[in-house]
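**Q** Sequence first, predicted coordinates after that:
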Amino acid sequence: MVDYRYALRGRFFDIAATADSPEEIARQARYVDDGLMFIAEGRIAALMSWEEGQSLLKRPDDWLDLSGKLIVPGFIDTHLHYPQTEMIGAFGEQLLEWLTTYTFPVESQYGNAGHAAQMSAFFLNQLLSNGTTTALVFGTVHPESVDALFAAAAQQNMRLIAGKVMMDRNAPEYLTETAEQSYQQTRELILRWHNHQRLGYAITPRFAPTSTPALLEAVQRLREDFPDTWLHTHLSENPQEIAWVKSLWPEHENYLDVYHHYGLTGKRSVFAHAIHLQDAEWNCLHGSDSAVAFCPTSNLFLGSGLFRLQTCWQKKVKMGIGTDVGAGTTFNMLRTLGEAYKIGQLQSYKLCASEAFYHATLGGARALCLDEHIGNFSVGKEADFVVLDPAVSPLQQLRNARCKDIYEQLFMLMTLGDDRNISQTWINGECAWNRDGLEVAA
Ligand code: GUN
Ligand code: ZN
């Protein structure tokens, strides 16, 4: 007998173990066509076939019927900015002009706790309605911005990592601080929020151009004071940005070396974009066990360049997928994977469905060093998952009926899918969002 709070019957797909190649992912893929998942105390208690599992039910009718639905681990978004939600889809600029024209003015509002709370609630609703159960999130320079976000995420008991932006030059005066202020405010936020429930703190210098040496020294001190926090920043996104870094930091060999010099590479370090890297930078990322976030819709929208997936595998660098809202144009991981596939196509790389879903789930968890807790349906993991409706439009129904296996169906979802396919999102063993308004029995 399994002691459980919920038993869910449906189809289940996940990747059983972390992998170092697409072939290994394919070997680790698990699909249960008619399965029963038991949930107890917010965790996966068991997953087995309906045949095997039904005798373990407390009563023959004590299960939730999700047959026809496809259940996958919750999506993990390894890079996005919650304050940029309200400026998504801003016209016409590449990175540096986009920042000054649109981003900085919008971010100026997040010193207002009321605005931050309102937008945090909106943002979390976007994550949940798109099946994203964990995210690594930028706030703004204002401590109020992350207080609001953490408070909202704590209410949902979400596993969310976030941090206040740190910047002390090359931004409007209303968004800059001194290195010392930045250190103190970040320190207070870490003490308040890091490891509170399922929350984690990411020390968040915006990027090298908005940091003085004194700021990166402050970041280094924080890393030393709090070694189990995350480090979250941007790296090598755009050619003008890279040239600017070279002019601001002429003594460093390359962009990543600026961060590496201050001890900011390492196990829980996540670098967003990493598009135009030199060989030495890939080697440093690997050698320091750092991770990168591949942000397909953002890279296309800002015209930043094509992330090199194949090189990332060859160099054995941990990678997760980021939506990078608001330079990214969707919160939806299915749509993001579809764009990742097209970036692969432009480089003759075939991103298959099992690899794509791995990056969005267990691979992302590994990039964030959270794969012990989340990312698949292994027994004991936290029960964060998404219930997908595999066909919600006439076109999807037509196409879905012709899919010959789960891989074609997953590929169809990442090509044609969107938020309409997200039927339910479960957080820590409870249904946190439900598109159909179905009652979930307590
Ligand atoms: N580099 C520095 N700041 C940002 C930002 O807000 N968005 C993106 N995409 N890149 C950045
Ligand atoms: Zn970003």
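**A** Noted; the coordinates are in hand. Ligands and ions are numbered 1, 2, ... in the order given.
**Q** okay, now the closest residue to ligand 2 within the stretch 301-442 of the chain: neighbour count?
**A** Distance from ligand 2 to each residue of the stretch 301-442 of the chain (Cβ to the ion) is smallest for Asp324, at 4.7 Å. All C-beta spots, glycine's among them, are computed from the backbone N, C-alpha and C. Neighbourhood size, Asp324 [other Cβ atoms under 10 Å]: 30.
**Q** same question, Glu339
**A** Here the count is done by other Cβ under 10 Å, and Glu339 has 22 residues near it.
**Q** right, and the secondary structure at it would be what?
**A** helix (DSSP: H, G, I helix; E, B strand; the rest coil).
**Q** which ones are touching the residue of the stretch 301-442 of the chain closest to ligand 2?
**A** Taking Cβ atoms under 8 Å, 6 or more residues apart in numbering, we find Asp324 in contact with 79-81, 272-273, 293, 295, 297-298.
**Q** Mind doing that once more with 7 Å?
**A** In this structure, Asp324 makes contact with 79-80, 272, 295, 298, judged by Cβ atoms under 7 Å, 6 or more residues apart in numbering.
**Q** ok, now Ala243?
**A** By Cβ under 7 Å, 6+ apart, no residues touch Ala243.
**Q** For it, report the pLDDT, please.
**A** pLDDT for Ala243: 98.
**Q** okay but Lys315 is in contact with Gly287, surely?
**A** No - taking Cβ atoms under 7 Å as the definition, Lys315 is not a contact partner of Gly287, at 9.9 Å.
**Q** For these two, indicate the residue with more neighbours.
**A** Lys315 (18 against 13).
**Q** Not counting sequence-adjacent ones, nearest residue to that one?
**A** Nearest residue to Lys315 in three dimensions, chain neighbours excluded: Trp282, at 4.1 Å (Cβ to Cβ, 6 or more residues apart in numbering).
**Q** That neighbour: which element?
**A** For Trp282, the host element (DSSP states H and E) is helix 279-287.
**Q** which of the residues in that helix are buried?
**A** Across helix 279-287, burial judged by 16 or more other Cβ atoms under 10 Å covers 281-282, 284-285.
**Q** Let me see the mean pLDDT of it.
**A** The pLDDT scores in helix 279-287 average 99.
**Q** And stretch 309-329, by the same measure?
**A** Averaging pLDDT along stretch 309-329 gives 98.
**Q** Next to ligand 1, which bits of the chain? Give me the list.
**A** Contact residues, the chain versus ligand 1 (Cβ under 6 Å from any ligand atom): 81, 95, 99, 103, 206-207, 234, 237, 298, 324, 327.
**Q** Which two of those residues have the greatest separation?
**A** Largest separation among the residues of the chain next to ligand 1 by Cβ to Cβ: Arg206 and Ser298, giving 15.1 Å.
**Q** ok, the two, which is more surrounded?
**A** Per other Cβ under 10 Å, whichever of Arg206 and Ser298 has more neighbours is Ser298, with 28 against 24.
**Q** where does that one land on pLDDT?
**A** Listed pLDDT for Ser298 reads 98.
**Q** who touches it in this structure?
**A** 324, 327-328.
**Q** Distance to Glu224 added to the residues you listed, as TSV?
**A** Output for those, formatted as TSV (distance: Cβ to Cβ, whole Å):
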residue	distance to Glu224
Asp324	29
Ala327	31
Gly328	32
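**Q** Now do the longest helix seen in the chain: which elements does it pack against?
**A** Longest helix of the chain, by residue count under DSSP state H: helix 113-129. Counting contacts by 3 or more Cβ pairs under 7 Å, 6 or more residues apart in numbering; DSSP states H and E, helix 113-129 packs against helix 143-156, strand 430-434.
**Q** so what's Phe307 closest to, chain neighbours aside?
**A** Phe294 (4.7 Å).
**Q** Ligand 2 versus Phe123, what's the distance?
**A** According to Cβ to the ion, to the nearest Å, Phe123 stands 14 Å off from ligand 2.
**Q** An error on my part: the question was meant for Met119.
**A** Distance check for Met119 against ligand 2: by Cβ to the ion, it reads 17 Å.
**Q** heads up, I number from 732, so please use that
**A** Renumbered: residue one is now 732, and that last one reads Met850.
**Q** And the helices in the stretch 932-1081 of the chain?
**A** Using DSSP state H, counting those that start in this stretch, the helices of the stretch 932-1081 of the chain run over residues 944-956, 970-979, 986-992, 1010-1018, 1027-1032, 1040-1045, 1064-1076.
**Q** and the gap between the residue nearest in space to the middle of the chain and Ala1096?
**A** In the chain, the centroid-proximal residue (Cα atoms, centre = their mean) is Asp808; its distance is 1.3 Å. Using Cβ to Cβ, to the nearest Å, one obtains 12 Å as the distance from Asp808 to Ala1096.
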